[in-house]
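> Provided below are the primary sequence and the corresponding predicted coordinates.
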Amino acid sequence: MKRYIIIILCFQFGLIFSQEEQLQEAANEAKRYVASGNQVLADEGNFPKAEGEYRKAISKNPVDLTAKYNLANAYYNSEKYDEATLRYTEATKVTAATKSEKHKAFHNKGNTFMEQKKYKEAVEAYKNALRNNSKDDETRYNLALAKKMLEEQQQQNDQNQDDKDQDQDQDQKQDNQDQKEGDDKEEKKGDDGENKEDQKDQGDKGEDEKEQGENEKDEEGEPEDDQKDKGKGDQGEDEKEQGEPKEQQQPQRPQGQLSPQQVKSLLEAMNNEEKKVQDKINAKKAQGSKVKTEKDW
C-alpha cells in the first residue's frame, strides 16, 4: 500500500516538474521573441515584422507584461493609437505586474489619449499612473497639461455650441423672413390677378355698354347714310307737297282718327236719315193711320 502511495506521489511530482519546465521554456521562448522584435525595430524599423514577433511572444506567455507593453509602444510609435490603447490596457491588467510596470503602462496610455485629443480619458490615465507612483514628476506635469487642455476644449465646445445656436437662430430668422416675403409676394400676386380680373370685367362691361349704346342708336335712329337718304327723301316729298294745291296738303293724323271731311260727311248722312224718318212720321200722321208693329219670330 505504501509502495503505491509513493509511486503516485512521485508521478505527481514528475507532472509538476514537467509543467514547470514547460512554463519556463515558454517564458524563455517568449523572451526570445520579444528580443527579436526589439532588434527588428531598432535595426530595421520594420514594424510589421516586429509586431509579428511580439504576438508570438504573447501567445507563448500570455501573462508576460513585457511583450504586451513593447507591442503597445510599437503601435504608439506607428501612430496606431487605438491598438496601442488596447495593449496598454492589457498590460495594466497583468496580475504579476509590479506597481512600477503598471505606472509606466498607465502613463503611456495617457500619452496615447493626449495624441487623440481625448483629454478627459488622459486625465484619468495619468491619475492611475500617479496612484502607482506618486513621485513621478513627468506624470504629474502631464496630468496638469491634460487638465488645462480639457478645460480649453470644454470652453471651445461651449463656444462652438453657442455659435451653432446663433447660426440656427439666424437661419430660423432668415427662413421666417423668406417665408414672409414669399407670402407677401403670393398675396401681391393674388391682388394683381384680382385687379386684372376687375379690369377685364370693367373692360367687358365697357364693351357691353358700348355695344348696347350702338344697339340703342340703331333702334332710335338709322345710320347716318340712311338718315341722309331719308332726309333727302323727306325734303323731296316736302318740296313736292309745296308744289301741290293747299287742299291736298293735309296734316298727318293719328291712326284710327276720322278726318274732318269724313266727320262732316258722316254728320250729313245722319241728318239725311233723320230727315227721312221724320218725313215718314209726318206723312203717317197726316193720313191718321196707326203704325203697325211687326214682331220678329
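Cool, got the structure. Residues are numbered from 1 along each chain as shown.
> tabulate the CA atom coordinates of stretch 42-52 in PDB.
In PDB, the C-alpha atoms belonging to stretch 42-52 read as follows (Å, rounded to 0.1, in the frame of the first residue of the first chain):
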ATOM      1  CA  ALA A  42      15.900  49.100 -33.700                       C
ATOM      2  CA  ASP A  43      17.900  47.900 -36.700                       C
ATOM      3  CA  GLU A  44      15.400  47.800 -39.500                       C
ATOM      4  CA  GLY A  45      12.400  49.800 -38.300                       C
ATOM      5  CA  ASN A  46      10.300  47.000 -39.700                       C
ATOM      6  CA  PHE A  47       7.100  47.400 -37.700                       C
ATOM      7  CA  PRO A  48       5.100  44.600 -39.300                       C
ATOM      8  CA  LYS A  49       7.900  42.100 -38.600                       C
ATOM      9  CA  ALA A  50       8.300  43.300 -35.100                       C
ATOM     10  CA  GLU A  51       4.600  43.100 -34.500                       C
ATOM     11  CA  GLY A  52       4.700  39.500 -35.500                       C
END
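> may I see the buried residues of it?
For stretch 42-52, burial by neighbour count (16 or more other C-beta atoms under 10 Å) applies to 47, 50, 51. Yep, even glycine has a C-beta here, placed from its N, CA and C like the rest.
> any idea how far the second one is from residue 35?
In other words, residue 50. Distance of residue 50 to residue 35, computed by C-beta to C-beta, to the nearest Å: 11 Å.
> on that earlier part again, just the buried residues of stretch 42-52: which are in helices?
47, 50, 51 (DSSP state H).
> surely residue 66 is in contact with residue 33?
No - under the criterion of C-beta atoms under 8 Å, residue 66 is not in contact with residue 33, lying 10.2 Å apart.
> mutual contacts of these two, please.
Shared contacts of residue 66 and residue 33 (C-beta atoms under 8 Å, 6 or more residues apart in numbering): residue 57.
> ok, which stretches of the protein are helices?
Counting by DSSP H, the helices of the chain are 2-43, 47-60, 65-77, 81-92, 99-115, 119-132, 137-220, 224-243, 260-287.
> least reliable of those helices going by mean pLDDT?
Ranked by mean pLDDT, the helices of the chain bottom out at helix 224-243, with a mean of 48.
> phi and psi next, for residue 79.
When read as degrees, to the nearest 10, the backbone of residue 79 gives phi 60, psi 30.
> contacting residues around it?
When contacts are counted by C-beta under 8 Å, 6+ apart, residue 79 touches residue 115.
> for residue 132, see how far away residue 101 is.
Residue 101 is 9 Å from residue 132, by C-beta to C-beta.
> for residue 39, that is, sorry about that
Distance of residue 39 to residue 132, computed by C-beta to C-beta: 29 Å.
> and what of residue 272?
As judged by C-beta to C-beta, residue 272 and residue 132 stand 167 Å apart.
> now residue 126
Separation of residue 126 from residue 132 (C-beta to C-beta): 11 Å.
> which neighbours do the two share?
residue 106.
> compare those two (neighbour count), which wins?
The residue with more neighbours, out of residue 126 and residue 132, is residue 126; 28 against 20, by other C-beta atoms under 10 Å.
> residues contacting residue 81?
75, 112, 115, 116 are the contacts of residue 81 under C-beta under 8 Å, 6+ apart.
> swap the cut-off to 6 Å and go again
112, 115, 116 (C-beta atoms under 6 Å, 6 or more residues apart in numbering).
> tell me which of the ones in helices among the buried residues of stretch 42-52 is nearest to residue 176?
Closest approach between these and residue 176, by C-beta to C-beta: residue 47, at 57.3 Å.
> any idea how far residue 119 is from the residue nearest to residue 40 when sequence neighbours are not counted?
Take residue 40 and drop its neighbours on the chain: the residue closest to it by C-beta to C-beta, 6 or more residues apart in numbering is residue 50, 4.3 Å away. Using C-beta to C-beta, residue 50 is found at 30 Å from residue 119.
> same check on residue 170?
Between residue 170 and residue 119 the computed distance is 31 Å (C-beta to C-beta).
> the two - which one has more neighbours?
Counting neighbours by other C-beta under 10 Å for residue 170 and for residue 119 shows that residue 119 has the greater number, 20 against 10.
> list the contacts of that one.
Contacts of residue 119 by C-beta under 6 Å, 6+ apart are 146, 149, 150, 153.
> counting neighbours, which of those residues comes out on top?
Note: the member of the contacts of residue 119 with the most neighbours is residue 146, at 24 neighbours, neighbours being other C-beta under 10 Å.
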